[in-house]
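**Student:** 3D, please:
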Amino acid sequence: MHWIRLKLRRIPSQVTLEFTKATWTRTGSSYWIALRTTATITLRNRKQRFSRLACEGGVVANTFDNADKLQLLSAGVPNSPVDTLSPIMRLLVWLGREVISREQTLVSYTTIILKAGALLPDTIELFLNWDEAASISNNLVRLRNSNVFGKATRDRVKVILRIFRNRYLLNEDQSGALSILAKSGIDITILRPILYFFSIYADDLLRDTVLLFVAQLRTAGQIYVDTNDLKQELMRWIAEGRIKDDWSENTLTKVSRGLLSTLRDFGVLQGGVNKKIAPVYLPVEAFAYLAFFLKTVDTSGELLIKNPLWGIFFLTPADVERLFVQADQLQLLTYQAAGSVIRVDFPVENIKEYAHVVVGAANRTT
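**Tutor:** Residues are numbered from 1 along each chain as shown. Okay, here's the model as predicted:
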């Protein structure tokens, strides 16, 4: 049995969270804890009245009104080691718009989006010129010196390569796998969502813009996304302590525009000045590749379906199950479900080998 004890900021109470089994999943600089069994929160000071309790990635429960207990489905836990379950850890929850956590700042947003958006042509150029036999460091040195991107200054090349390293070059297997996909000539509709996923994985601000802003608009039935609305959301995040620096009005405007332009280039949004949420489309080949990657983090089939990162494609668990069935039919993986027991197996162990499997499936369907 593990316990998490939280001191609620500005609220003179203490919450105890009890759970039995859990699995960690990494999302960028945060780690998600997905509970296999329901958990219980006990509020010691029962005079407090809660109208909304939420966790990173969505609302967990809509009511907590002078109650003894609450079933909690999942919660975000930043900066916890993935290989251990610590009895005391930092848990990120929201009470309405107010962060109530052990630490005032749990997520650190940056303005890196101002230096680079989606950069899709440059990313493809990167992997077309990638040498799988060389190390990541040697590849970066060669690409910087040769300037295959055709940039005006070497400083700009350095900035782009630093961003690429953070987004895509997690290890040599991953960089090699992306190179295999790019060099195969696989359709951009398959490659783009993969690159989008890893950009989200590396950037907390971009991820939360999708999960906590765009997805909420979509759930509410709104299709148009306004820069000023996002700017107001960022201002709320500053007030909550999620952004360390007090960004100026000009910075907020530029960051908001940069975020929405990046999401448009990745196909999440459509339009020029007036942007709207694009229809959901995740090719099964791209889905299978991302599922393979996520399974290296979380081996549980059930938790793989419920991974919160599928939310960046606006997928529900039912949508994810449907895609697993389609992937099974294309022999990209083996999907078995018997009641609550779900098993997902892949034909190979290495992601570079799996890139060839994905390319083969894509060629068969074209």
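**Student:** which residues of the stretch 251-366 of the chain fall in strands?
**Tutor:** Ranges of strands within the stretch 251-366 of the chain are 269-270, 275-277, 334-338, 341-345, based on DSSP state E, counting those that start in this stretch.
**Student:** could those strands be laid out in CSV, adding mean neighbour count, mean pLDDT and distance to D328?
**Tutor:** Just so you know, the C-beta spots here come from the backbone N, C-alpha and C atoms, and that holds for glycine as well. Output for these, formatted as CSV (neighbours: other CB atoms under 10 Å; pLDDT from 0 to 100; distance: least, CB to CB, whole Å):
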stretch, mean neighbour count, mean pLDDT, distance to D328
strand 269-270, 18, 95, 31
strand 275-277, 17, 95, 29
strand 334-338, 13, 90, 4
strand 341-345, 15, 89, 9
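**Student:** Mind putting those strands into CSV with distance to K306?
**Tutor:** Listed next are those as CSV, based on distance: least, CB to CB, whole Å:
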stretch, distance to K306
strand 269-270, 26
strand 275-277, 23
strand 334-338, 13
strand 341-345, 10
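**Student:** Was I right to think V280 contacts T316?
**Tutor:** No: counting by CB atoms under 8 Å, V280 stays clear of T316, with 10.2 Å between them.
**Student:** could you pull out the helices for the stretch 101-250 of the chain?
**Tutor:** 120-128, 136-146, 154-167, 172-183, 188-202, 204-209, 215-219, 227-239, 249-265 (DSSP state H, counting those that start in this stretch).
**Student:** Please identify the most buried of those helices.
**Tutor:** helix 204-209 (a mean of 24; mean count of other CB atoms under 10 Å).
**Student:** Which other helices and strands does it contact?
**Tutor:** Packed against helix 204-209, as judged by 3 or more CB pairs under 8 Å, 6 or more residues apart in numbering; DSSP states H and E, are the following elements: helix 188-202, helix 249-265.
**Student:** Alpha carbons of the first one, as PDB, please.
**Tutor:** Taking only C-alpha atoms (Å, rounded to 0.1, in the frame of the first residue of the first chain), the coordinates of helix 188-202 have been written out as PDB:
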ATOM      1  CA  ILE A 188       3.100  12.500 -45.100                       C
ATOM      2  CA  THR A 189      -0.400  11.700 -43.600                       C
ATOM      3  CA  ILE A 190       1.300   8.900 -41.700                       C
ATOM      4  CA  LEU A 191       4.600  10.600 -40.900                       C
ATOM      5  CA  ARG A 192       3.100  13.900 -39.800                       C
ATOM      6  CA  PRO A 193       1.100  12.600 -36.800                       C
ATOM      7  CA  ILE A 194       4.200  10.700 -35.600                       C
ATOM      8  CA  LEU A 195       6.300  13.900 -35.700                       C
ATOM      9  CA  TYR A 196       3.400  15.700 -34.000                       C
ATOM     10  CA  PHE A 197       3.300  13.200 -31.200                       C
ATOM     11  CA  PHE A 198       7.000  13.500 -30.400                       C
ATOM     12  CA  SER A 199       6.800  17.300 -30.500                       C
ATOM     13  CA  ILE A 200       4.000  17.100 -28.000                       C
ATOM     14  CA  TYR A 201       6.000  14.600 -25.900                       C
ATOM     15  CA  ALA A 202       8.900  17.000 -25.600                       C
END
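**Student:** All further residue positions should be reported with the first residue as 633.
**Tutor:** All right, first residue 633 from here; so that's helix 820-834.
**Student:** got the angle for it vs helix 881-897?
**Tutor:** 140 degrees (axes from the mean of the first three to the mean of the last three CA atoms, to 10 degrees).
**Student:** Can you list the helices and strands that helix 820-834 packs against?
**Tutor:** Using 3+ CB pairs under 8 Å, 6+ apart, helix 820-834 is in contact with helix 752-760, helix 786-799, helix 804-815, helix 836-841, helix 916-927.
**Student:** do you know which of these lies nearest V957?
**Tutor:** helix 916-927 (9.5 Å; CB to CB).
**Student:** Could you list every helix and strand that that closest one packs against?
**Tutor:** helix 804-815, helix 820-834, helix 933-937, helix 949-961, helix 983-997.
**Student:** looking at it, I795 is touching I745, isn't it?
**Tutor:** No: using CB under 8 Å, I795 makes no contact with I745, being 9.8 Å away.
**Student:** quick one: V980 from S893, how far?
**Tutor:** 37 Å (CB to CB, to the nearest Å).
**Student:** repeat for I832
**Tutor:** Counting by CB to CB, the gap from I832 to S893 is 15 Å.
**Student:** which residues touch stretch 955-965?
**Tutor:** 914, 916-917, 919-920, 923-924, 937, 947, 966-967, 976-979, 989-990, 993, 996-997 (CB atoms under 8 Å, 6 or more residues apart in numbering).
**Student:** Can I get the buried part of the residues you listed as one ChimeraX selection?
**Tutor:** Of those, the buried ones can be selected in ChimeraX as follows, counting by 16 or more other CB atoms under 10 Å:
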select :914,916,917,919,920,923,924,937,947,967,976,978,989,990,993
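**Student:** Can you check the distance spanned by stretch 807-825, start to finish?
**Tutor:** Distance between the two ends of stretch 807-825: 16 Å, counting by CA to CA, to the nearest Å.
**Student:** Cool, thanks, signing off.
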